[in-house]
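Asks: any chance you can model this:
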Amino acid sequence: MSNFDTSMKEKVKEIEKIIDSFLPQECGYQKVVIQAMNYSVQAGGKRLRPMLMNETYRLFGGRGEEIKPFMAAMEMIHTYSLVHDDLPAMDNDEYRRGRKTTHVVYGEANAILAGDALLNYAFETAIKAFEIAEDFEPEKVNAMKEVSVARSLQVLARKAGIFGMIGGQTADIQAEEKECVSLEELVFIHKHKTAALIEASMMIGAILAGASLNEVRKIERCAYNVGLAFQIQDDILDVTGTQEELGKPIGSDEKNNKQTYVTLKGLEESRKEVERLSQEAVEILQEIPGDSSFLTELIHSLIYRTK
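Replies: Take a look at the predicted model:
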């Protein structure tokens, strides 16, 4: 096992601990929805978004604790989107990450509520960063930290909403009803449905670490490339992967009449675009002072994954 793989496993374990520490206790008359929430979040996965957030935070010199509530909140938002995406009204998938999806285990109604609850609880969690910021000294540092937390909340809300992920999901549903989808529409879907949360993750990491506005814009562009390449690779794997490798049914895009980058451009051109986007993302990272070696390797491992 390479040093990167070992480091990656350690970082994922640490992220899992952080996420678990913010999950609600399973008790009370609302216990079942909390169980469904926790079942969904604890299904595992790459923990890509909180990892990108934390690594970007470190790249810009961040060393505090205020990043942790945002890491957990981001994974909650990502998870809620998957819970709703798997519903019969959407993709109607029975498996996610190798096990039964939330609506199959808890029923449609509870899955809908669990998704709603995760979105709301994500913001309850992220707001806890204000409490952490207040612990800083002196007063001027407190004020700066609180401003960065507020800016991060603004990014999180926008990128997860109608001008971000939800907007992309809406366009994706509309595209299923069309016989032909343009490349422009497809890029819009990928940018908003997939890249938006990756953009938010890396931008929040930079903002909380005190990056300049220009640096945050660079990181947003880098994250856009990563997100788009990640989704194109997902389209490729839906054609070339296996259910054992992916932990979910293959060919679901075709089953749901979805046009993807692969159906529009073909496998070879799709792979070339993944290469171009990833190279540009790495070049942007290299313009930023600091050690970006792990972040660069992380991006390559995610973009060129086989599962």
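
Asks: show me where pLDDT drops low in the stretch 1-150 of the chain?
Replies: The model of the stretch 1-150 of the chain has pLDDT under 70 over residues 1, 134-141.

Asks: can you map out the strands along it?
Replies: Secondary structure of the stretch 1-150 of the chain (DSSP state E, counting those that start in this stretch): strands at 95-96, 99-100.

Asks: winner for burial among those?
Replies: strand 95-96 (a mean of 18; mean count of other Cβ atoms under 10 Å). (Each C-beta comes from the backbone N, C-alpha and C, glycine too.)

Asks: ok, that strand: who's next to it in the sheet?
Replies: Applying DSSP bridges to the sheet, strand 95-96 is found paired with strand 99-100 (antiparallel).

Asks: related to what we said a few turns ago, could you dump the strands of the stretch 1-150 of the chain to a markdown table with distance to Arg271?
Replies: Below are the strands of the stretch 1-150 of the chain laid out as a markdown table (distance: least, Cβ to Cβ, whole Å):
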| stretch | distance to Arg271 |
| --- | --- |
| strand 95-96 | 26 |
| strand 99-100 | 30 |
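
Asks: quick one, helices of the stretch 51-200 of the chain?
Replies: 67-85, 102-106, 108-126, 128-133, 139-160, 165-176, 183-190, 196-208 (DSSP state H, counting those that start in this stretch).

Asks: on that earlier part again, nearest to Gln233 among the strands of the stretch 1-150 of the chain would be which one?
Replies: Smallest distance to Gln233 across the strands of the stretch 1-150 of the chain (Cβ to Cβ): 18.0 Å, for strand 95-96.

Asks: give me the number of residues near Leu213?
Replies: 10 (other Cβ atoms under 10 Å).

Asks: to Gly62, which of the strands of the stretch 1-150 of the chain lies closest?
Replies: Minimum separation from Gly62 across the strands of the stretch 1-150 of the chain (Cβ to Cβ) falls at strand 95-96, 31.5 Å.

Asks: distance from that closest one to the middle of the chain?
Replies: Counting by Cα atoms, centre = their mean, to the nearest Å, strand 95-96 is centred 17 Å from the centre of its parent chain.

Asks: and Ala150, which of the strands of the stretch 1-150 of the chain is closest to it?
Replies: Counting by Cβ to Cβ, Ala150 lies closest to strand 95-96 out of these; the figure is 33.6 Å.

Asks: for stretch 268-278, give the mean pLDDT please.
Replies: Stretch 268-278 shows a mean pLDDT of 93.

Asks: equivalent analysis for stretch 209-225, please.
Replies: Across stretch 209-225, pLDDT averages out at 97.

Asks: go on, stretch 295-307?
Replies: pLDDT averaged over stretch 295-307 equals 83, rounded to a whole number.

Asks: next, the buried residues of it.
Replies: Within stretch 295-307, the residues that qualify as buried are 295-299, 302-303, 305, counting by 16 or more other Cβ atoms under 10 Å.

Asks: which residues does it contact?
Replies: Contact partners of stretch 295-307, identified using Cβ atoms under 8 Å, 6 or more residues apart in numbering, comprise 4, 8, 46, 48, 51-52, 55-56, 59, 226, 229-230, 233, 237, 241, 245-247, 274, 277-278, 281-282, 285-286.

Asks: just those residues: which are in helices?
Replies: When DSSP state H is applied, the contacts of stretch 295-307 are split such that 4, 8, 48, 51-52, 55-56, 59, 226, 229-230, 233, 237, 245-246, 274, 277-278, 281-282, 285-286 fall in helices.

Asks: which among these end up buried?
Replies: Neighbour-count burial (16+ other Cβ under 10 Å) is assigned, among these, to 8, 48, 51-52, 55-56, 59, 226, 229-230, 233, 237, 246, 274, 277-278, 281-282, 285.

Asks: picking up where we left off before, right, so the helices of the stretch 51-200 of the chain: which one is the most enclosed?
Replies: Among those, helix 196-208 has the highest mean neighbour count (mean count of other Cβ under 10 Å), at a mean of 28.
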